[in-house]
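In: Have a look; sequence and predicted model below, questions after that.
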Amino acid sequence: MYKVQEIFNKGYGNFLEKHGENHDTDKAAKAIMSCKTSALGGNSTTCQDCGETHVHYNSCRNRHCPCCQSLTKEKWIDARKADVVDAPYFHAVFTVPEDLNPIIFSNKRQLYNLLYSASSDTLIELARDKRHMGADIGFLSILHTWGSNLSFHPHIHVIVLGGG
């Protein structure tokens, strides 16, 4: 299995020939390709018992580098665990009929706001209803404007706390 760095080293030249340079892409790619190599410098340690020397190269610390960010990501996740309420959470998605996409695309600000309002009002109303929970709930809403096939598909993902 290839590491991301190996894939960039083998294919980035071809990518540049085909697509041309882009400042942001080039910056991330060069960082990934040089990460933990002599290009970024490093230091060495020598074992006091056997005298063996080991070189440790510096990392690029680029936020796109999978080598550098995996530890940072795990630390962030661990820190967020302390912020999470110990209760079940649920995932809900609110979307609109595809036929409305041209109207939404032409009036993004107003209709995105309307989609947020409609989804949150619906959740609040249902949760407060005595037939359901009879309580106020907590939730987090996130707007996605594209589907997995990269077509325009506005929808809102909601993480809903399972208690009130």
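Out: Cool, got the structure.
In: Against which helices or strands is the helix or strand bottoming out on mean pLDDT in the chain packed?
Out: Least confident element among the helices and strands of the chain, by mean pLDDT, DSSP states H and E: helix 66-81 (a mean of 81). When contacts are defined as 3 or more C-beta pairs under 8 Å, 6 or more residues apart in numbering; DSSP states H and E, helix 66-81 sits against helix 4-19. Backbone N, C-alpha and C define where each C-beta goes, glycine included.
In: tell me which residues in the helix it packs on are buried?
Out: 5, 8-9, 12 (16 or more other C-beta atoms under 10 Å).
In: possible to save the residues you listed as CSV with pLDDT and distance to residue 96?
Out: Putting these into CSV (pLDDT from 0 to 100; distance: C-beta to C-beta, whole Å) gives the following:
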residue, pLDDT, distance to residue 96
5, 89, 42
8, 90, 39
9, 91, 44
12, 91, 40
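In: you'd agree residue 28 is up against residue 60?
Out: No: the criterion here is C-beta atoms under 8 Å, and residue 28 misses it with residue 60 at 9.2 Å.
In: ok, whatever helix or strand residue 43 lives in: who's next to it in the sheet?
Out: Per DSSP states H and E, residue 43 falls inside strand 42-46. Using DSSP bridges, strand 42-46 pairs in its sheet with strand 53-57 (antiparallel).
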